[in-house]
Every structure is written in structure tokens, then in C-alpha cells.
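S.K.: Next input, structure requested:
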Amino acid sequence: MVYSVSVVVTLPRVIVERLRREAVRHGLTLEEYMVELLTRNLDPAERAREYIVAARELLEQARKEVKRGDARQAAEKVWGATALAVKAYASWRDGRRLASHGELWEYKRILEDELGDWVSDAWHAGQTMHVCFYEGWCSVRDVEKALKRVEKLVAEVEKRILGVK
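M.R.: Coordinates of the predicted model:
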């Protein structure tokens, strides 16, 4: 069973700005970057579980942003969930820690081979959300469509990792 708790942490602005810069430098969302920092010393199976729980929470946050009409913030959360689902699978299956967009693209092909061609649609929907966050071109409707595809990806990876039925 996966539990989700939302907590607000107040940090000095200089720290938040540093975290954001570092996340961008690594091509990650702020949430992804924080998860990476917090999971780097975990064994691969535990890291996979943390990734998939974080992905679920990002999807929930994305749904809230959609309800508020904030397509851009929702899109960022959908992309983060996409990337974390692929990272979770890599950590669970092979003990790999994916650190770049190139590695994510490479590894999503393994998911396609093992889960089905539909993974490509989910991946591309997530990628589009990544672009949407930076460019701001998509609508709430676009995010809702991507969210459905990415939810399926997260659910399938979660089933494998956690044995959820």
C-alpha cells in the first residue's frame, strides 16, 4: 500500500534558488532533483520504491494543478512522474541509476520491450509536458490527456515494483 502525505517546508530563498538552478543544470524538475538527493544512498530496490511513490504524489499534485487551471505547473508534475517511473523501473530491474535525458530515452525502450508499445505514447506525452513547462504552449486539456497516459505508465511500473494488483 502506498501512502501519500503532503508537507510544506519553508526554506530560505537563497537555498530554494540554488536548488532550482541545480535542478535545471541537471535537466530535472525541482521535485526530481530533491528525490535524487534524498535517494542517492539507498539500495536500488528501496530507491525504486521511493521513486514510484514520488511519481504517484506528483500525479496527484498535477491533478490539483489541473483543477486550478495551471497547465504549466501540472505539466511539470506530469513530466516529473514520467521520468521517475522510468528511473524506478531501471533501479528495480537492473539496479541502475539514470542520470540524463539520454539514459531515460534509452531505458524507456526497455520498458517498451517489456510492457508494450503503449509505453512510447506515455513517454512522448510526458516529454511533451516537459516542453510545455518551459514553453507554456499547452492547455489544461493537453495536460489532462498526457496525465491519463502517464498514470498508466506509473501504475504498470508500480505493479512490477511493489507487486500491486
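
S.K.: Spell out, range by range, the helices that occur in the protein.
M.R.: Listed from the start of the chain, the chain has helices (DSSP state H) covering 13-25, 30-39, 44-68, 71-94, 101-115, 118-135, 140-162.

S.K.: Show me what the lowest-mean-pLDDT helix or strand in the chain is packed against.
M.R.: Among the secondary structure pieces of the chain, namely its helices and strands, helix 30-39 has the lowest mean (mean pLDDT, DSSP states H and E), a mean of 83. Helix 30-39 is packed against helix 13-25, helix 44-68, helix 71-94, with contacts defined by 3 or more C-beta pairs under 8 Å, 6 or more residues apart in numbering; DSSP states H and E. Glycine gets a C-beta too; all of them are placed from N, C-alpha and C.

S.K.: quick check: angle from the shortest one to helix 30-39?
M.R.: Direction vectors for helix 13-25 and helix 30-39, defined by axes from the mean of the first three to the mean of the last three C-alpha atoms, to 10 degrees, enclose an angle of 100 degrees.

S.K.: Just want the angle from helix 13-25 to helix 118-135.
M.R.: 130 degrees.

S.K.: rewinding a little: may I see the buried residues of the least confident helix or strand of the chain?
M.R.: Judged by neighbour count using 16 or more other C-beta atoms under 10 Å, the buried positions of helix 30-39 are 31, 32, 33, 34, 35, 36, 39.

S.K.: Centre of the chain to it, how far?
M.R.: 11 Å (C-alpha atoms, centre = their mean, to the nearest Å).

S.K.: so where's this protein uncertain?
M.R.: By pLDDT under 70, the low-scoring segments of the chain are 1-6, 164-165.

S.K.: The residue most central in space within it: what's it in contact with?
M.R.: Within the chain, the residue whose C-alpha comes closest to the C-alpha centroid is residue 81; the distance, by C-alpha atoms, centre = their mean, is 2.0 Å. The neighbourhood of residue 81, defined by C-beta atoms under 8 Å, 6 or more residues apart in numbering, consists of 55, 56, 58, 59, 62, 126, 150, 154.
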